[in-house]
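**Student:** Test case, fold it:
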Amino acid sequence: MELRILDANGTLISQPPDPKPPRRRARTIPTSWQLGARLWFTLLEALPLDNAGTFPTDTLLRYAIIDTTLQQALDLSDVCLQGATYPSFYIPSQLGVIAYGSCRKAHGLAFNDDGKVQHHDSLSLLTDQLEDTQHDLSQRPAMLFLVGDQIYADDVLPELMPYLQALALQLMGKSIPLPDNSDACLISLPERTAFKKGCGLTSSSQHAHVLSFGEYAALYLVTFGNRVGFQYTAPRQDLTHFSNDDLDDLERPELANLPRQPAASPQSLGEHRHLHEF
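**Tutor:** Numbering: from 1, shown residues only. Below is the predicted model of the structure:
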């Protein structure tokens with residue numbers, strides 16, 4: 001994969017980094033890491049052209065991601081603002097307007113700064129603000145800051161846990177034992193509460209706590225990665241034999257089993273469009 005930065009006229013103003021920098025000529029620096037059977041992490045970097053030295057500031061820039069094997073651009077239309085061909089951003093010479101949040105929650109009520117219930121997801125509201133200010137850089141947020149763990153690992157609805165466990169198995173390809181060699185898929189919700197206390201986890205939430213790496217990865221995908229539809233009724237013991245095709249059959253356009261509470265702030269999972277462009 002290659003990240004390409006374009007100026008307002010669509011002219012390429014970036015180059016890929018040297019895969020073998022001078023001090024490490026003996027080996028190529030990887031850009032992708034496989035963390036599970038179907039879980040990859042990719043870090044894309046673009047550098048300004050040698051004759052430029054730096055990227056321009058205070059001007060709208062765009063980017064494309066190229067599949068270097070197929071030599072074609074990925075379809076990023078889902079993360080483009082209205083009327084835009086490419087996702088866009090800008091580099092401020094002086095930081096002014098920013099967006100800020102803590103963690104995003106997959107259920108429950110959320111509130112605005114006045115303590116009132118907010119009936120829209122804040123990332124959806126941020127999208128609306130970006131739509132309105134995409135060409136007015138004096139008002140457009142330049143960066144999104146998310147503090148904390150970005151997810152509520154200690155506050156997961158019981159209805160969501162079986163799906164997270166099934167998705168975790170799909171991502172990792174197998175059930176990875178916890179440090180005490182127990183299988184996370186076979187730990188009941190009451191046992192999870194006792195387990196987290198025994199591990200020294202201090203959360204007071206009565207809801208489930210994700211434990212395995214696969215469950216954490218699955219929760220990130222559900223919270224931020226548009227995997228929001230599911231319906232799961234299989235017995236817990238079937239999770240150890242869960243297949244990828246079975247999981248695909250479970251996904252639905254709507255959150256079938258979760259209570260549909262008014263969602264809000266980066267603490268919820270309601271309506272969320274164009275989440276990757278800030």
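
**Student:** Give me the below-cutoff pLDDT ranges for the stretch 101-250 of the chain.
**Tutor:** 197-198, 200-206, 226-250 (pLDDT under 70).

**Student:** at 90 what do you get?
**Tutor:** 101-127, 145-166, 174-212, 221-250 (pLDDT under 90).

**Student:** Check which helix or strand E131 maps to.
**Tutor:** helix 122-133 (DSSP states H and E).

**Student:** Show the subsequent helix or strand relative to that helix.
**Tutor:** Next along from helix 122-133, by DSSP H and E: strand 144-146.

**Student:** partners of that following strand, with directions?
**Tutor:** strand 99-101 (parallel) (DSSP bridges).

**Student:** Would you mark the buried spots in the partner strand?
**Tutor:** 99, 101 (16 or more other CB atoms under 10 Å). C-beta: built from backbone N, CA, C; applies to glycine.

**Student:** swap in stretch 148-156?
**Tutor:** Quick answer for stretch 148-156 (16+ other CB under 10 Å): 150-156.

**Student:** do stretch 39-58 as well
**Tutor:** For stretch 39-58, by 16+ other CB under 10 Å, it's 39, 46, 55-56.

**Student:** pull the CA atoms of it into PDB?
**Tutor:** Backbone C-alpha positions of stretch 39-58 (Å, rounded to 0.1, in the frame of the first residue of the first chain) are rendered in PDB as follows:
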ATOM      1  CA  LEU A  39      -6.200  -9.200  11.400                       C
ATOM      2  CA  TRP A  40      -3.700  -6.900   9.800                       C
ATOM      3  CA  PHE A  41      -2.200  -3.600  11.000                       C
ATOM      4  CA  THR A  42      -0.900  -1.200   8.300                       C
ATOM      5  CA  LEU A  43       1.000   2.000   8.900                       C
ATOM      6  CA  LEU A  44       1.200   4.300   5.900                       C
ATOM      7  CA  GLU A  45       3.700   7.200   5.600                       C
ATOM      8  CA  ALA A  46       4.200   9.800   3.000                       C
ATOM      9  CA  LEU A  47       7.100  12.300   2.700                       C
ATOM     10  CA  PRO A  48       7.200  15.600   0.900                       C
ATOM     11  CA  LEU A  49       9.000  15.700  -2.400                       C
ATOM     12  CA  ASP A  50      12.700  16.300  -2.100                       C
ATOM     13  CA  ASN A  51      12.500  19.700  -3.900                       C
ATOM     14  CA  ALA A  52       9.800  20.900  -1.500                       C
ATOM     15  CA  GLY A  53      11.200  19.900   1.900                       C
ATOM     16  CA  THR A  54       7.900  20.200   3.700                       C
ATOM     17  CA  PHE A  55       4.200  19.900   3.000                       C
ATOM     18  CA  PRO A  56       2.300  23.100   2.500                       C
ATOM     19  CA  THR A  57       0.400  24.500   5.500                       C
ATOM     20  CA  ASP A  58      -3.000  26.300   5.700                       C
END
